[in-house]
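1. Got a predicted structure plus its sequence, pasted below:
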Amino acid sequence: MALTMDDRIAITDLINEHGHVTDRGDFDALSTLFTEDVTYDVSALGGGVLVGLAAAREAALALADANPVAHHVTNIVIHEAADGVVHARSKGLGVMADGSVGSATYQDTVERTAAGWRITHRTVRPRRTPLRD
């Protein structure tokens, strides 16, 4: 399956929409971005590996005011593997209530479902050291 330009736009929009949905606390809309059984790996941030939308919602609620007030995504790169699996890599900036900013890399596995493109696996890695992967 070769990705069309429409596929690439849909996947890019999917990744971009995450910040809007998360920042407004619209946890019901997470199902428009992720599969119900998504694996959301935030272990590098101390949050462990979350499985399922309910676990992601609970983790965000537990952080409460420690959540970023703004998530910004940039530098989205989409690759299709030989087996048809789609991988996307992007950069994220999180702006905290005190004005501090953190940088992260998102590594996503994206799948076409009956409802459209959805993220099935996301790994978030903070960027704290320059010139290293």
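-> Cool, the structure landed.
2. Which helix in this protein has the most residues?
-> When the chain is parsed with DSSP state H, its longest helix is helix 5-23.
3. Run through the strands of this protein in chain order.
-> Using DSSP state E, the strands of the chain run over 34-41, 49-51, 70-80, 86-95, 101-113, 116-127.
4. Could you dump these into a markdown table and include mean neighbour count and distance to A60?
-> For glycine as for every other residue, the C-beta is placed from the backbone atoms N, C-alpha and C. Listed next are these as a markdown table, based on neighbours: other CB atoms under 10 Å; distance: least, CB to CB, whole Å:
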| stretch | mean neighbour count | distance to A60 |
| --- | --- | --- |
| strand 34-41 | 18 | 10 |
| strand 49-51 | 15 | 10 |
| strand 70-80 | 14 | 11 |
| strand 86-95 | 18 | 13 |
| strand 101-113 | 16 | 15 |
| strand 116-127 | 18 | 13 |
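5. With distance to L63 and mean pLDDT as new columns, can those be given to me in a markdown table?
-> Shown next, in a markdown table, are the strands of the chain (distance: least, CB to CB, whole Å; pLDDT from 0 to 100):
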| stretch | distance to L63 | mean pLDDT |
| --- | --- | --- |
| strand 34-41 | 13 | 98 |
| strand 49-51 | 12 | 98 |
| strand 70-80 | 13 | 97 |
| strand 86-95 | 11 | 98 |
| strand 101-113 | 13 | 97 |
| strand 116-127 | 13 | 97 |
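6. show me the contacts for I119.
-> Neighbouring residues of I119 by CB atoms under 8 Å, 6 or more residues apart in numbering: 14-15, 33-35, 38, 108-110.
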